[in-house]
Structure formats: C-alpha cells, structure tokens
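Visitor: Here is a sequence with its predicted model. Questions after.
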Amino acid sequence: MNAKPRRSDGAGKSDLAAGLYVTATPIGHARDLTLRALDVLAAVDLVVAEDTRVSANLLAMHGLKRPLSAYNDHNAARERPKLLAWLRQGARIALVSDAGTPLVSDPGFKLVRAAIEEDLPVHAVPGPSAALAALTVSGLPSDRFLFAGFLPSRQGERRRALNELSTVGATLILFESAQRLAESLADMAEIFGVRSAAVARELTKLHEEVRRGTLDELASHYAREGAPRGEMTLVVSPPHPKASDTVRLDAALEKALALLPLRSAVDLVSALLEEPRRRVYERALALKIDG
C-alpha cells in the first residue's frame with residue numbers, strides 16, 4: 001500500500017459519511033465526471049484505483065489532490081485486508097476503475113463483497129459505463145440485456161462461451177480487444193447466425209465510432225480493414241423468434257389478411273404482437289404467395 005488514508009481537508013466536504021464509495025469515472029471525456037463524484041473524490045481519505053497514474057491525471061484535471069493507492073489483480077489479496085481494516089476504523093474510501101463503473105470487468109467485486117459481509121457501509125456513486133453507453137447508441141433492444149464481459153482469448157474456449165450465450169433471449173454486451181475483433185465477430189456469425197450487431201469504439205472520445213450491421217457484415221469489414229484502434233464494446237441482438245412464434249404470427253396474419261389490405265394487416269399485427277414490421281411484412285408476403 002503506497003498511501004495511508006487521512007482525513008479530508010476539503011472545504012465543506014468533511015461531513016461525508018464513512019464507508020466505501022464505488023465511484024464511476026469517465027470512459028473518455030473528462031467532463032463526464034458527475035458533480036457528486038467530484039464531491040466524493042474531494043472529501044474521501046483515500047482513492048483506491050486500478051492504475052494510480054490514470055486516476056492521478058483525472059484528479060489533477062479537476063484540481064483535486066488526494067492520497068492514492070493501487071488495487072488490482074496483482075495485489076488485491078494483499079491490500080484488501082488493509083482496506084477493510086481502515087473501513088472498520090471509519091475511513092472514507094473511493095474505489096475507482098481506470099474508466100467507467102467499478103466492478104464491471106475489474107477487480108473491485110471481492111472488496112465490495114468483503115465489506116458487505118462485515119456490514120461495512122458501501123455507497124454507489126453512479127456515472128459513466130461503456131456497456132450502457134454502447135447499448136444506448138446501438139439501436140438494438142434495450143429492455144432486456146446481458147453483459148457478458150470479455151470473451152476468452154483462445155478460439156476453442158471462445159466458441160464454447162459463445163455456444164452457451166447463443167440461446168440467451170436478450171441483447172448481449174461484450175468487451176473485445178481490437179486484435180481479436182474480426183475473429184470473434186466471425187465466430188459469432190457462425191454460431192449465432194444472422195443477427196444485427198454494433199461495434200462501439202472510443203465512446204465519448206475524439207475518434208468515437210459506432211459501426212452497425214449484421215455479424216457477418218461486421219466480421220468482413222474488420223477482416224478487410226484490419227484491427228481498429230481503441231477500446232471496443234460489442235452489442236449483439238437477441239436470437240430471432242422460434243418457430244412457435246412464427247406459428248402465432250402466421251395465425252394472426254391470416255385473420256387480419258382476411259379482413260384488411262396487406263399493408264393495413266401488417267401494421268395491425270406488427271403493433272399487436274410487437275414484432276418488427278419488416279418481419280411481419282415478409283411473412284405476410286409468404287402467406288399471400290402460398291395461398
């Protein structure tokens with residue numbers, strides 16, 4: 001541990017309650033730090049960071065100077081007991097990641113769990129999250145989603161993980177390295193089949209980009225163009241409805257088509273069943289041809 005907690009000298013911030021503050025930091029744009037996060041970071045006795053250099057720069061940008069200590073995969077087992085001991089003594093500690101919300105693919109989970117097990121106060125200071133930011137700009141269903149973290153780097157393990165995810169009835173959010181992006185998208189296209197997806201790169205930064213298309217289209221693009229630069233978040237649409245859903249759709253369309261013109265029947269059934277209009281229209285055409 002390279003820093004010990006000391007009581008804050010921040011003016012007007014000394015009333016901050018004791019406990020562990022799980023504090024979200026910007027994923028790119030420095031001004032995305034919330035006002036409450038600024039107050040917390042100004043008042044805590046210690047900032048615990050995955051990489052203290054990154055957090056020191058962020059604090060400096062906002063005119064803050066607090067004691068910093070590293071907490072990462074390499075030292076967590078050694079440092080966790082010290083942090084818990086300080087929390088027992090009433091310290092105010094902010095837990096931050098290099099970017100975004102702590103505990104999302106970083107080592108903070110065990111510290112939070114240990115604090116909860118000892119009935120020590122844990123406070124959420126919400127803010128930026130790459131996973132949610134990518135979901136909101138993907139154009140894919142957001143009512144139900146699963147964050148699946150990083151895929152395994154080895155292809156065999158990755159394909160096994162993708163097979164397990166293939167039946168999940170929700171939009172998938174994953175992290176992937178730029179170097180493995182094309183290969184992972186190709187594996188998804190083969191295992192998931194035809195699905196819409198989005199690759200969000202460098203969100204909130206100068207070179208932010210969101211590329212949308214089918215998994216196969218995206219795999220071909222990155223295989224042709226090479227590995228992009230920056231941080232990648234993948235968002236993949238849920239599986240297409242099963243055959244039983246098609247039976248229900250066909251039954252509704254047959255009734256509607258008996259009473260209404262094609263386009264009106266499609267609009268009605270699409271609204272009633274909450275199905276994409278394009279899919280309903282394609283099924284309606286197929287029924288017309290077959291009939």
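Guide: Everything's here; your move.
Visitor: hey, where'd the helices end up in the stretch 151-291 of the chain?
Guide: Along the stretch 151-291 of the chain, counting by DSSP state H, counting those that start in this stretch, helices occupy 155-165, 181-192, 215-225, 243-257, 262-273, 277-290.
Visitor: so the fifth one versus helix 243-257, what angle?
Guide: Helix 262-273 and helix 243-257 meet at an angle of 130 degrees, taking axes from the mean of the first three to the mean of the last three C-alpha atoms, to 10 degrees as the criterion.
Visitor: element containing the most centrally placed residue in the chain, please.
Guide: Centroid check for the chain by C-alpha atoms, centre = their mean gives residue 131 as the closest residue, at 1.7 Å. Following DSSP states H and E, one finds residue 131 within helix 130-138.
Visitor: Tell me which residues of that helix come out buried.
Guide: 130, 131, 132, 133, 134, 135, 137, 138 (16 or more other C-beta atoms under 10 Å). Any C-beta I mention is one placed from the backbone N, CA and C, and that applies to glycine too.
Visitor: now do stretch 201-215
Guide: Under 16+ other C-beta under 10 Å, the buried positions of stretch 201-215 are 201, 202, 203, 204, 210, 212, 214, 215.
Visitor: Stretch 237-256: how far from the chain's middle?
Guide: Offset of stretch 237-256 from its chain centre (C-alpha atoms, centre = their mean, to the nearest Å): 30 Å.
Visitor: With just CA atoms, put that stretch into CSV.
Guide: C-alpha atoms of stretch 237-256 as CSV (Å, rounded to 0.1, in the frame of the first residue of the first chain):
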residue,chain,number,x,y,z
SER,A,237,-29.2,-8.5,-30.9
PRO,A,238,-31.2,-11.3,-29.2
PRO,A,239,-32.0,-14.6,-31.1
HIS,A,240,-34.7,-14.4,-33.7
PRO,A,241,-38.1,-15.8,-32.6
LYS,A,242,-38.5,-19.5,-32.7
ALA,A,243,-40.8,-21.5,-34.9
SER,A,244,-43.6,-21.4,-32.3
ASP,A,245,-43.6,-17.6,-32.5
THR,A,246,-43.9,-17.8,-36.3
VAL,A,247,-47.0,-20.0,-35.9
ARG,A,248,-48.6,-17.4,-33.7
LEU,A,249,-47.6,-14.6,-36.2
ASP,A,250,-49.0,-16.6,-39.2
ALA,A,251,-52.3,-17.2,-37.4
ALA,A,252,-52.7,-13.5,-36.6
LEU,A,253,-51.8,-12.5,-40.2
GLU,A,254,-54.3,-15.0,-41.7
LYS,A,255,-57.1,-13.5,-39.7
ALA,A,256,-56.0,-9.9,-40.5
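Visitor: What's the mean pLDDT across it?
Guide: Average pLDDT, stretch 237-256: 82.
Visitor: Please enumerate residues in contact with it?
Guide: With C-beta atoms under 8 Å, 6 or more residues apart in numbering as the test, stretch 237-256 has contacts from 140-141, 144, 166-172, 192-197, 264-266, 268-269, 272-273, 275, 279-280, 283-284, 287.
Visitor: Quick one, which of those are buried?
Guide: Using 16+ other C-beta under 10 Å, the buried ones in those are 140, 170-172, 192, 195-197, 265-266, 268-269, 273, 275, 279-280, 283-284, 287.
Visitor: just the helices of the stretch 151-291 of the chain: most buried one?
Guide: Scoring the helices of the stretch 151-291 of the chain by mean neighbour count under mean count of other C-beta atoms under 10 Å gives helix 181-192 as the most buried, with a mean of 21.
Visitor: Please save the CA atoms from that one in PDB.
Guide: What follows is helix 181-192, C-alpha atoms only, in PDB (Å, rounded to 0.1, in the frame of the first residue of the first chain):
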ATOM      1  CA  LEU A 181     -12.400  -8.300 -33.100                       C
ATOM      2  CA  ALA A 182     -12.700  -9.700 -36.600                       C
ATOM      3  CA  GLU A 183     -12.100 -13.300 -35.500                       C
ATOM      4  CA  SER A 184     -14.600 -13.000 -32.700                       C
ATOM      5  CA  LEU A 185     -17.200 -11.500 -35.000                       C
ATOM      6  CA  ALA A 186     -16.700 -14.300 -37.400                       C
ATOM      7  CA  ASP A 187     -17.200 -16.900 -34.700                       C
ATOM      8  CA  MET A 188     -20.400 -15.100 -33.600                       C
ATOM      9  CA  ALA A 189     -21.700 -15.100 -37.200                       C
ATOM     10  CA  GLU A 190     -21.200 -18.800 -37.400                       C
ATOM     11  CA  ILE A 191     -22.600 -19.700 -34.000                       C
ATOM     12  CA  PHE A 192     -25.300 -17.100 -33.600                       C
END
